[in-house]
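S.K.: got a sequence here, can you model it:
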Amino acid sequence: MDHQQTVQRLRLDEIRMRDPFILEAAPGGFVLFGTTDANVWGGPATGFDCYTSGDLEHWDGPFAAFRPPPGFWADTQFWAPEVYALDGRFFMFATLATSTGTRPRGVAVLVSNSPTGPYRPWSDGPVTPPTQPCLDGTLHVADDGTRWLVYSRGTEGTAGAAGIRDGEMYALRLAADLRTAAAEPVLLFRASSASWVRPLRFPEGEEPPSNLNLAKDPLFTDGPFLIRAAERSLLMLWSSHGEAGYAMGIAESTSGTITGPWIQHPEPLWSSDGGHGMVLRASGGRDYLGFHWPNSTPDERVRLTEVDISRAGIRIL
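M.R.: Coordinates of the predicted model:
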């Protein structure tokens, strides 16, 4: 833990965080991760903090889950950490970037022997394609045991290359040890495939962060999370911009497998200035949707609400 950090007991609405992810590391023992840097858009990055809880209501923290080692390749835009227990260890998938633009933003893998860290680099830089800005990686383990990273391709450009306007969602098969990609990415869908998605608009007089270099009026994809529902259906939560700002929708694989084809549910699950969600299937038998709301910085807070999951989709209770 950083010396300047003071551990407190807090409610969720007292924790400023984007892109929340909750791991049940042991029955009734939960760890909350998310985007926690003070300057989430421009850096310089500090790392990732986490919080622990036994009841999902009261949280102790912050604890320093990851701090970049000397000479680490990334120094800004540390976003959306997700942690999974695999092979007797804990693997973190996180979005990282460089302030110099020497390589595009990408999703890297970190590892720890403890759910709360400290996490250390595992992959040699991003596992996502080195020529494309990528973000928000989530893990999917298929029925045959293969491990897939699902991620978004950003709508921003790189040096000498224009950004795409229609954001994309990809699946990338990983090596068994999670250190590298094992195949070429598979395009799952584009943002425009969902009828509820609208171009990203900034309030009058407000400009997007210059370091994002966004395409004009982009339709973007971010925040994927996959979950098995009833009858082995495969659903994906993902986020974009809707009629009322940041929003979260559901895509469904008609084959029940990661490669799809994917169809979009016509209405967003959450439509009002919140998103980047995940589902916690707690050992106590309840299912929860976690996401950040509102989307404006620095007002983001974690929202956790009980949901019902069925073949028809996810319903907020």
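
S.K.: ok, for Cys50, nearest residue in space, not its chain neighbours?
M.R.: Nearest non-adjacent residue to Cys50, counting by Cβ to Cβ, 6 or more residues apart in numbering: Ala65, 4.3 Å away. Every C-beta, even on glycine, is put in place using the N, C-alpha and C of the backbone.

S.K.: that neighbour is in what secondary structure piece?
M.R.: When secondary structure is defined by DSSP states H and E, Ala65 falls within strand 58-66.

S.K.: ends of stretch 37-49, how far apart?
M.R.: Using Cα to Cα, to the nearest Å, one end of stretch 37-49 lies 8 Å from the other.

S.K.: centre of the chain versus it, how much separation?
M.R.: The chain centre lies 15 Å from the centre of stretch 37-49; the measure is Cα atoms, centre = their mean, to the nearest Å.

S.K.: I would like the residues contacting it, please.
M.R.: Applying Cβ atoms under 8 Å, 6 or more residues apart in numbering, the external contacts of stretch 37-49 come out as 5, 18, 33-36, 61-68, 74-79, 81, 92, 94, 96, 99, 119, 209, 211-212, 297-298.

S.K.: all strands for the stretch 101-250 of the chain, in order.
M.R.: Assignment of strands within the stretch 101-250 of the chain using DSSP state E, counting those that start in this stretch yields the ranges 106-112, 120-121, 134-141, 147-153, 168-174, 186-190, 222-228, 234-242, 245-253.

S.K.: ok, now how distant is the residue nearest to Leu188 when sequence neighbours are not counted from Trp238?
M.R.: In this structure, Leu188 finds its nearest non-sequential neighbour in Met169, 4.6 Å apart by Cβ to Cβ, 6+ apart. Distance, Met169 to Trp238, by Cβ to Cβ, to the nearest Å: 7 Å.

S.K.: and for those two, which residues touch both?
M.R.: Counting by Cβ under 8 Å, 6+ apart, the common neighbours of Met169 and Trp238 are Ser152, Thr221, Pro224, Ala251.

S.K.: quick one: pLDDT of the residue nearest to Leu135 when sequence neighbours are not counted?
M.R.: In this structure, Leu135 finds its nearest non-sequential neighbour in Thr95, 4.5 Å apart by Cβ to Cβ, 6+ apart. In this model, Thr95 is scored at 98, pLDDT.

S.K.: for Thr95, list the residues it contacts.
M.R.: Going by Cβ under 8 Å, 6+ apart, Thr95 touches Gln77, Phe78, Trp79, Ala80, Arg105, Gly106, Val107, Cys134, Leu135, Asp136, Gly137.

S.K.: how far away is it from Gly106?
M.R.: Separation of Thr95 from Gly106 (Cβ to Cβ): 7 Å.

S.K.: name the residues of stretch 29-37 that are buried.
M.R.: Buried residues in stretch 29-37, defined by neighbour count with 16 or more other Cβ atoms under 10 Å: Phe30, Val31, Leu32, Phe33, Gly34, Thr35, Thr36, Asp37.

S.K.: ok, and what's touching the helix or strand harbouring Arg9?
M.R.: Arg9 belongs to strand 8-11 when assigned by DSSP H and E. Here strand 8-11 makes contact (Cβ under 8 Å, 6+ apart) with Tyr51, Glu57, His58, Trp59, Asp60, Gly61.

S.K.: quick check, nearest of those to Asp144?
M.R.: Among the contacts of strand 8-11, Tyr51 lies closest to Asp144 (Cβ to Cβ), at 34.8 Å.
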